[in-house]
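1. Got a sequence here, can you build the structure:
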Amino acid sequence: MKRRSRSSSQGRPVAEKALTLTARAIGARGDALCTVPETGETVFVPGLLPGEAAEILARGERGRIARRLTTSDERVEPFCSVAEKCGGCSLQHWQHDAYRRWKRALVADALSREGLNAPLLELVDAGGQGRRRVALHARKMGTRLLLGFTERAGQAIADTNDCPVAEARIRKSFPALRELAMAVLNARHDTAIIAVTATEPGLDVHVDRKGEVTLDDRLTGGELLAREGWARLTIGRELIAEGTPPIVHFGKAKVAPPPGGFLQATDAGEAVLAAIVMEALDAALKVAPKESRHVIDLYAGSGAFALRMAERAPVRAVEGEAAPLAALDHAARHTPGLKPVSVLRRDLAREPLSIRELSGAAMVVVDPPRAGAKEQMELLAGSGVPVIVSISCNPSTFARDAAILVRAGYTMGPVTPVDQFVHTAHVECASVFTKG
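-> Next up is the predicted model:
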């Protein structure tokens with residue numbers, strides 16, 4: 001049976017249209033915005049910069065460059081060999097200062113749409129030593145292996161032997177990761193996602209692949225771990241081999257995050273966000289009465305903020321996933337000198353903490369997924385908690401949630417935009433809200 005191309009609402013294939021368009025701006029996802037003069041419709045075109053004209057092949061609202069006709073003064077040569085295809089970095093071709101102005105403007109626009117006028121600080125460059133975690137897609141086709149990141153606006157893999165924006169140890173590991181992928185993929189289970197995290201003792205490698213783990217998987221995996229000095233290798237839910245357990249420091253606490261678990265993308269980014277949290281905590285504790293000197297960390301993950309805060313105040317850590325919460329709890333119980341840390345597993349999107357559960361805390365930290373925390377913010381707004389720190393990887397939902405607090409009488413402090421995912425459209429936001 002033949003594959004059909006993307007179809008219209010009438011079931012007919014949608015043909016590509018040849019258009020000559022000029023980019024007017026870069027959109028929130030990093031694609032150029034081009035207007036079709038005859039219809040006023042917007043076509044999203046990756047790889048084009050504002051002011052550049054190109055011959056475009058468009059299908060619906062998506063377009064691709066057939067031939068660029070003009071070149072912006074802000075265009076630079078990408079430093080990655082697959083930058084034009086890879087969906088990991090979408091803006092390596094844009095001059096750094098222009099890119100930074102645009103990224104800061106993403107946050108400014110989101111705040112403006114919600115009617116918020118809090119001061120917006122300069123964009124913090126938090127690329128640091130490179131990204132300490134990557135998720136590589138692997139596909140085996142006979143004797144050929146594709147390993148890399150998915151291409152822009154598609155599922156094809158941009159095959160590569162390097163990722164220049166990753167931490168040095170991850171970059172060095174590509175040959176061994178290819179060897180691992182070739183060994184664990186087969187005709188029946190020919191795709192996998194390989195999550196690699198740089199921890200203090202070595203790389204933590206997790207293979208998300210269907211199928212049972214075989215003896216060959218274990219033998220090859222064990223040999224690679226020993227040879228490469230990896231900290232841990234897991235396939236699916238099974239531990240294949242472990243050297244020195246993978247550890248990251250959150251303050252003075254040593255944490256072994258779960259395989260493939262979430263961490264802030266860079267050490268530098270985590271440090272910036274943690275500094276905002278800790279400065280707010282110090283201020284909150286100075287004015288808090290003795291009976292209200294505990295703090296709450298919502299969407300706590302493995303404890304990047306909770307374990308730091310526990311050096312100064314009792315903490316209630318709330319997280320929906322069992323594995324990171326267990327890592328947080330274990331670290332808290334094995335780190336001398338911390339204030340009491342209690343943990344609660346709860347899906348906050350379905351069952352946010354109630355006003356009663358929130359009341360009495362000196363401060364609450366909220367760091368939700370991209371969808372934000374609308375229902376939780378509405379309850380926070382009515383809780384009377386004097387200090388709330390909001391952190392988000394999505395400016396739109398950050399601003400939406402911030403407006404809920406402002407309408408309830410909270411004062412919004414300066415907003416810090418943090419650039420961990422350099423050369424992409426992703427930007428972190430953080431702000432401190434006070435009441436009373």
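2. Show me what residue 235 is bridged to.
-> residue 207, residue 238 (DSSP bridges).
3. and it, how many residues sit next to it?
-> A count of neighbours around residue 235, defined by other Cβ atoms under 10 Å, yields 24. (Glycine included, C-beta is placed from N, CA and C.)
4. can you check residue 202 too?
-> Other residues near residue 202 number 20, with proximity taken as other Cβ under 10 Å.
5. quick one: contacts for it?
-> Contact analysis of residue 202 by Cβ atoms under 8 Å, 6 or more residues apart in numbering lists 169, 228-231, 243-244, 246.
6. Quick one, which of these are buried?
-> Taking 16 or more other Cβ atoms under 10 Å as the criterion, what is buried in those is 169, 228, 230-231, 243, 246.
7. Helices of the stretch 51-200 of the chain, start to end?
-> Ranges of helices within the stretch 51-200 of the chain are 96-113, 168-172, 174-184, based on DSSP state H, counting those that start in this stretch.
8. wait, which of these is closest to residue 389?
-> Judged by Cβ to Cβ, the one of the helices of the stretch 51-200 of the chain that comes nearest to residue 389 is helix 96-113, at 16.5 Å.
9. Now do that closest one: which elements does it pack against?
-> On a contact count with 3 or more Cβ pairs under 8 Å, 6 or more residues apart in numbering; DSSP states H and E, helix 96-113 meets helix 395-407, strand 416-419.
10. Now that helix: average pLDDT?
-> Taken as a whole, helix 96-113 has an average pLDDT of 97.
11. buried ones in it?
-> Residues of helix 96-113 classed as buried by neighbour count (16+ other Cβ under 10 Å): 98-100, 102-108, 110-111.
12. Repeat that for stretch 20-33.
-> Within stretch 20-33, the residues scored as buried using 16+ other Cβ under 10 Å are 21-23, 26-28, 30-33.
13. Below-threshold pLDDT in the stretch 151-300 of the chain: ranges please.
-> Within the stretch 151-300 of the chain, the stretches with pLDDT under 70 are 153.
14. Please repeat the previous calculation with a cut-off of 80.
-> Within the stretch 151-300 of the chain, the segments meeting pLDDT under 80 span 152-154.
15. can you give me the strands in it?
-> Using DSSP state E, counting those that start in this stretch, the strands of the stretch 151-300 of the chain run over residues 157-159, 191-198, 203-208, 232-235, 238-242, 248-250, 253-255, 295-298.
16. still on that earlier bit, quick check, nearest of the buried ones among the contacts of residue 202 to residue 17?
-> Distances from residue 17 to the buried ones among the contacts of residue 202, taken as Cβ to Cβ, are shortest for residue 169 (46.1 Å).
17. how deep is the residue nearest to that closest one when sequence neighbours are not counted tucked in, by neighbour count?
-> Nearest residue to residue 169, sequence neighbours excluded (Cβ to Cβ, 6 or more residues apart in numbering): residue 198, at 5.2 Å. Neighbour count for residue 198, taken as other Cβ under 10 Å: 24.
18. If residue 198 is in a bridge, with which residues?
-> According to DSSP bridges, beta-bridge pairing links residue 198 with residue 203.
19. pretty sure it is touching residue 171, no?
-> No. Using Cβ atoms under 8 Å, residue 198 is not in contact with residue 171; the gap is 10.1 Å.
20. circling back to that earlier point, for the strands of the stretch 151-300 of the chain, which one ends up most surrounded?
-> When those are scored by mean count of other Cβ atoms under 10 Å, the highest mean neighbour count falls to strand 295-298 (a mean of 28).
21. Which residues does it contact?
-> 281, 284, 303, 305-306, 309, 313-318, 348, 353, 358, 361-368, 373, 376, 385.
22. ok so, going back, out of the strands of the stretch 151-300 of the chain, which is closest to residue 414?
-> Residue 414 lies closest, by Cβ to Cβ, to one member of those: strand 295-298, at 21.0 Å.
23. any chance of the helices of the stretch 51-200 of the chain in a markdown table, plus distance to residue 130?
-> Below are the helices of the stretch 51-200 of the chain laid out as a markdown table (distance: least, Cβ to Cβ, whole Å):
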| stretch | distance to residue 130 |
| --- | --- |
| helix 96-113 | 16 |
| helix 168-172 | 7 |
| helix 174-184 | 14 |
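24. Tell me which of the ones you listed lies nearest to residue 156.
-> The nearest among the helices of the stretch 51-200 of the chain, by Cβ to Cβ, is helix 174-184 at 16.5 Å.
25. circling back: out of the helices and strands packed on helix 96-113, which gets nearest to residue 134?
-> Nearest of the helices and strands packed on helix 96-113 to residue 134, taken as Cβ to Cβ: strand 416-419 at 17.3 Å.
26. average pLDDT for the closest one?
-> On average, the pLDDT along strand 416-419 is 98.
27. just stretch 118-129 next, same as before
-> For stretch 118-129, mean pLDDT rounds to 97.
28. then it to CSV, C-alphas only?
-> The C-alpha trace of stretch 118-129 is given here as CSV (Å, rounded to 0.1, in the frame of the first residue of the first chain):
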residue,chain,number,x,y,z
ALA,A,118,7.7,44.0,36.2
PRO,A,119,11.3,45.0,35.4
LEU,A,120,13.0,42.6,32.9
LEU,A,121,16.7,42.1,33.6
GLU,A,122,19.3,41.3,30.9
LEU,A,123,19.5,37.8,29.5
VAL,A,124,21.9,35.7,31.6
ASP,A,125,24.2,33.6,29.5
ALA,A,126,24.1,30.2,31.2
GLY,A,127,25.6,28.0,28.6
GLY,A,128,28.5,27.3,31.0
GLN,A,129,30.7,24.3,30.0
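29. What residues of that stretch count as buried?
-> Quick answer for stretch 118-129 (16+ other Cβ under 10 Å): 118, 120, 123-124, 126-128.
30. who touches that stretch?
-> For stretch 118-129, contacts defined as Cβ under 8 Å, 6+ apart pick out 100, 103-104, 107-108, 111, 165, 167-168, 266-269, 271-272, 402, 412-420, 422, 427-428, 431.
31. If we use 7 Å, what do you get?
-> For stretch 118-129, the surrounding residues in contact (Cβ atoms under 7 Å, 6 or more residues apart in numbering) are 100, 103-104, 107-108, 111, 167, 266-269, 272, 412-420, 422, 431.
32. circling back: most tightly packed of the helices and strands packed on helix 96-113?
-> Among the helices and strands packed on helix 96-113, strand 416-419 has the highest mean neighbour count (mean count of other Cβ under 10 Å), at a mean of 24.
33. and it, which strands flank it?
-> Short version: by DSSP bridges, strand 416-419 pairs with strand 124-125 (parallel), strand 428-434 (antiparallel).
34. could I have it exported to CSV, CA atoms only?
-> C-alpha atoms of strand 416-419 as CSV (Å, rounded to 0.1, in the frame of the first residue of the first chain):
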residue,chain,number,x,y,z
THR,A,416,15.5,37.1,35.2
PRO,A,417,15.7,35.5,31.7
VAL,A,418,18.2,32.6,31.7
ASP,A,419,19.7,31.2,28.5
